[in-house]
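Q: quick check, what structure comes out for this input:
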Amino acid sequence: MSRSERLLDLLQTLRRHRRPVRGTQLAAEHAVSLRTIYRDIQTLVAQGAPIEGEAGIGYILQPGFTLPPLMFSSDEIEALLLGSGMVARAADPALAKAAQNALAKITAVLPANRGSEIEASGLLAGAIEPAVVDRVNLAPLRSAIRAEQKIWIAYHDRDGVATERRIWPITITYCARVRLLAAWCELRGSYRHFRTDRIAELAEVGERYPRRRRTLIKEWRELEGLPQPG
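A: Numbering: from 1, shown residues only. Sure thing, here's the model as predicted:
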């Protein structure tokens with residue numbers, strides 16, 4: 001790997017983390033010495049990258065710094081291609097179309113000698129037949145998650161018992177053959193998981209939930225024993 005590639009990889013690593021990352025962690029992840037990490041950080045800062053921190057404490061890349069999409073590696077291009085294909089086969093129609101559009105935009109800005117990698121890729125997302133079919137359009141549900149809005153749902157549990165819930169949706173997990181909605185349930189006063197195929201109806205409430213989704217997700221992850229991002 002050339003030094004320029006290593007510097008770009010280091011920037012990408014810092015972009016993934018929301019909290020300061022220690023030099024020893026960066027050195028281990030990139031398989032280089034701690035001295036090399038310190039030197040590369042100094043080079044990036046000198047070139048204008050807004051990196052804050054110091055040796056022994058950690059480093060963080062300030063929000064807003066972007067890299068041109070032309071810098072994708074071959075592995076990253078294949079990951080994007082495979083990921084968009086998997087989304088296109090497993091998500092609701094609106095999200096599937098968005099995945100195809102995103103890939104088209106990425107292809108359009110790649111250099112001419114790189115665009116052919118998309119067409120010639122040896123990775124394909126195979127067809128899959130969902131075990132269940134959603135009865136409602138998930139696009140409004142995804143919109144409610146982004147906007148931190150409460151929704152009302154008519155739900156049937158695994159025994160077929162019907163209930164109505166007002167919930168604060170925070171995440172949708174796309175499993176291989178089903179989709180799981182995690183939300184705070186006002187009826188139960190706790191976090192609950194709902195299979196989207198068991199939602200018979202949903203409607204916007206027109207009311208924002210009282211806590212930030214970022215806080216709810218952190219709390220939910222702790223209760224589920226899931227690692228926190230970054």
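Q: after the least confident helix or strand in the chain by mean pLDDT, which helix or strand is next?
A: Counting by mean pLDDT, DSSP states H and E, the chain has its least confident helix or strand at helix 112-119, which shows a mean of 66. Later in the chain than helix 112-119, the nearest helix or strand by DSSP states H and E is helix 139-147.
Q: contacts for that following helix next, please.
A: 92, 94-95, 149-151, 169-172, 181, 196, 202, 204, 208, 213 (C-beta atoms under 8 Å, 6 or more residues apart in numbering). Any C-beta I mention is one placed from the backbone N, CA and C, and that applies to glycine too.
Q: list the buried ones in whichever helix or strand comes after it?
A: Of the helices and strands lying after helix 139-147 in sequence (DSSP H and E), the nearest is strand 149-156. Buried residues in strand 149-156, counted by 16 or more other C-beta atoms under 10 Å: 149-151, 153-155.
Q: same list, these, but as JSON lines with distance to G56 and pLDDT please.
A: Listed next are these as JSON lines, based on distance: C-beta to C-beta, whole Å; pLDDT from 0 to 100:
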{"residue": "Q149", "distance to G56": "44", "pLDDT": "97"}
{"residue": "K150", "distance to G56": "45", "pLDDT": "97"}
{"residue": "I151", "distance to G56": "47", "pLDDT": "97"}
{"residue": "I153", "distance to G56": "50", "pLDDT": "97"}
{"residue": "A154", "distance to G56": "56", "pLDDT": "97"}
{"residue": "Y155", "distance to G56": "52", "pLDDT": "97"}
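Q: ok, residues contacting the helix or strand hosting A108?
A: Using DSSP H and E, A108 maps to helix 93-109. Contacts to helix 93-109, defined as C-beta under 8 Å, 6+ apart, come from residues 68-70, 72, 77, 80-81, 83-85, 87-89, 91, 115, 118, 137-139, 142.
Q: now it, how far from the chain's geometric center?
A: Offset of helix 93-109 from its chain centre (C-alpha atoms, centre = their mean, to the nearest Å): 16 Å.
Q: export that helix as PDB, just CAs?
A: In PDB, the C-alpha atoms belonging to helix 93-109 read as follows (Å, rounded to 0.1, in the frame of the first residue of the first chain):
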ATOM      1  CA  PRO A  93     -39.700  -0.400  -3.300                       C
ATOM      2  CA  ALA A  94     -38.700   3.200  -2.400                       C
ATOM      3  CA  LEU A  95     -35.500   2.100  -0.600                       C
ATOM      4  CA  ALA A  96     -34.700  -0.400  -3.400                       C
ATOM      5  CA  LYS A  97     -34.900   2.400  -6.000                       C
ATOM      6  CA  ALA A  98     -32.800   4.700  -3.800                       C
ATOM      7  CA  ALA A  99     -30.100   2.000  -3.700                       C
ATOM      8  CA  GLN A 100     -30.100   1.700  -7.500                       C
ATOM      9  CA  ASN A 101     -30.000   5.500  -7.900                       C
ATOM     10  CA  ALA A 102     -27.100   5.800  -5.400                       C
ATOM     11  CA  LEU A 103     -25.000   3.300  -7.200                       C
ATOM     12  CA  ALA A 104     -25.700   5.100 -10.500                       C
ATOM     13  CA  LYS A 105     -24.500   8.300  -9.000                       C
ATOM     14  CA  ILE A 106     -21.300   6.700  -7.700                       C
ATOM     15  CA  THR A 107     -20.700   5.100 -11.100                       C
ATOM     16  CA  ALA A 108     -21.100   8.500 -12.800                       C
ATOM     17  CA  VAL A 109     -18.400  10.200 -10.800                       C
END
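Q: great, nothing more from me.
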